[in-house]
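Peer 1: Attaching a predicted model along with its sequence, questions to come.
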Amino acid sequence: MFERIAILGPGLLGASLLLAARRRGLCRGTAVWSRRAETRVKCEGQPWCDAVFADPGEAVAEADFVVVCTPVDTIVPLLAQIAPRLRPGTLVTDVGSTKSLICRHGRAALPPSVAFVGSHPMAGSEKTGLEHADPELFQGRACFVTPLADTPAADVDRVARFWKALGLEVATTTPEVHDEIAAHLSHLPHLIASAYCAYLSTRDPAWLHFAGPGLRDTTRVAAGDPALWKAIALQNREEILRALDAFQRELDHLRTALHNQQPFALQHLLERGRDWRVRLRPLGEKS
């Protein structure tokens, strides 16, 4: 599909992307940039990496497809930095968990001859770093492609076809709709798990020894990178606040049912939760 793919930020997603692209024959060559020297050293000699650069502009100079895989608050500044080195006709996307700000300001940072189409593969993990890279990370997962209203359809199609070739199920929507969905299905669960763990940190430390699988399952994402999630929460603040307000109303119903000893109301809430949860298909299973 591409002569040369450049990845800016070869962490879990970036390295997994190149592993998967190489395995599926989607490019002839690859280039990588990382801010950290130790990460660049790790990339050298990897079978999925042909060239490693200390300068992001050099990494993208010969690429016809660029994927920015850095934290959300660094994506737009990085796009502005590489803009002078991008060849006309280059296709650029990202994997950021927020889209409204990135899509608007990201495209404005690039020259008209370069196409930018936002993306968000829902394939992350609490683990970070290229040592956790997995070529099957994307298999059966969902991926948002978030063009602006005037983005050429051909560019949207090229980005969507790439993600589909990696095994993802692609949904095309606006950046604003994406941010609403992500706030409810990704950002809010993470922040709730983090807040719950922060609360538990105020209790007796000995309780840690008694945690069962239920606690571990429901709080797994709280082990994610705090700096990365701080940036996500601030960029999608308005949608997350709306989701928090709606969730708070559900918590109020739960509290009222318990306080007033209302067994039917309590069971109804539990049944609604169970019915939604059992409809979730296993990760990696296509719909």
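Peer 2: Received it, and whenever you're ready, just let me know what you need. Numbers count the residues shown, from 1 in each chain.
Peer 1: Give me the buried positions along stretch 276-284.
Peer 2: Within stretch 276-284, not a single residue qualifies as buried, counting by 16 or more other C-beta atoms under 10 Å. All C-beta atoms are positioned from the backbone trio N, CA, C, and that covers glycine.
Peer 1: what's the answer for stretch 61-70, then?
Peer 2: Ala61, Ala63, Asp64, Phe65, Val66, Val67, Val68, Cys69, Thr70.
Peer 1: Domain ranges for the chain, per the record?
Peer 2: Annotated domains of the chain cover 2-173, 178-278 [automatic domain parsing].
Peer 1: how about those domains in JSON lines, adding mean pLDDT?
Peer 2: Output for the domains of the chain, formatted as JSON lines (pLDDT from 0 to 100):
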{"stretch": "domain 2-173", "mean pLDDT": "95"}
{"stretch": "domain 178-278", "mean pLDDT": "97"}
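Peer 1: Out of these, which is the most enclosed?
Peer 2: domain 2-173 (a mean of 19; mean count of other C-beta atoms under 10 Å).
Peer 1: so how far does it reach from one end to the other?
Peer 2: 24 Å (C-alpha to C-alpha, to the nearest Å).
Peer 1: Asp94 and Asp179, how far apart?
Peer 2: In this view, Asp94 and Asp179 are 14 Å apart by C-beta to C-beta, to the nearest Å.
Peer 1: Among the buried residues of stretch 61-70, which ones are in strands?
Peer 2: Among these, the residues falling in strands (DSSP state E) are Phe65, Val66, Val67, Val68.
Peer 1: quick one: pLDDT of Ser287?
Peer 2: The model reports Ser287 with a pLDDT of 60.
Peer 1: Please, where are all the strands along this structure?
Peer 2: Using DSSP E, strands in the chain cover 2-8, 27-33, 51-53, 65-68, 91-94, 115-116, 118-121, 142-146, 169-172.
Peer 1: Let me have those in JSON lines, adding distance to Leu258 as columns.
Peer 2: As requested, these are arranged in JSON lines below (distance: least, C-beta to C-beta, whole Å):
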{"stretch": "strand 2-8", "distance to Leu258": "49"}
{"stretch": "strand 27-33", "distance to Leu258": "53"}
{"stretch": "strand 51-53", "distance to Leu258": "57"}
{"stretch": "strand 65-68", "distance to Leu258": "46"}
{"stretch": "strand 91-94", "distance to Leu258": "44"}
{"stretch": "strand 115-116", "distance to Leu258": "50"}
{"stretch": "strand 118-121", "distance to Leu258": "37"}
{"stretch": "strand 142-146", "distance to Leu258": "35"}
{"stretch": "strand 169-172", "distance to Leu258": "38"}
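Peer 1: What separation is there between Gly29 and Phe138?
Peer 2: For Gly29 relative to Phe138 (C-beta to C-beta), the value is 21 Å.
Peer 1: how much space between Arg23 and Phe138?
Peer 2: For Arg23 relative to Phe138 (C-beta to C-beta), the value is 11 Å.
Peer 1: actually Ile181, not the one I wrote
Peer 2: Applying C-beta to C-beta to Ile181 and Phe138 gives a distance of 18 Å.
Peer 1: nearest spatial neighbour of Arg158, skipping sequence neighbours?
Peer 2: In this structure, Arg158 finds its nearest non-sequential neighbour in Leu91, 5.9 Å apart by C-beta to C-beta, 6 or more residues apart in numbering.
Peer 1: can I assume Ala83 is in contact with Leu110?
Peer 2: Yes: in this structure Ala83 lies within contact range of Leu110 using C-beta atoms under 8 Å: 5.2 Å.
Peer 1: Any chance of CSV for the buried residues of stretch 61-70, columns distance to Arg87?
Peer 2: Shown next, in CSV, are these (distance: C-beta to C-beta, whole Å):
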residue, distance to Arg87
Ala61, 7
Ala63, 8
Asp64, 7
Phe65, 11
Val66, 10
Val67, 16
Val68, 16
Cys69, 20
Thr70, 21
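Peer 1: Of all pairs in those residues, which one is the farthest apart?
Peer 2: Spatial extent of the buried residues of stretch 61-70 (C-beta to C-beta) is set by the pair Asp64 and Thr70 at 20.1 Å.
Peer 1: In contact with Arg4, which residues are there?
Peer 2: Arg4 makes contact with Cys27, Arg28, Gly29, Thr30, Ala31, Glu62, Ala63, Asp64, Phe65, according to C-beta atoms under 8 Å, 6 or more residues apart in numbering.
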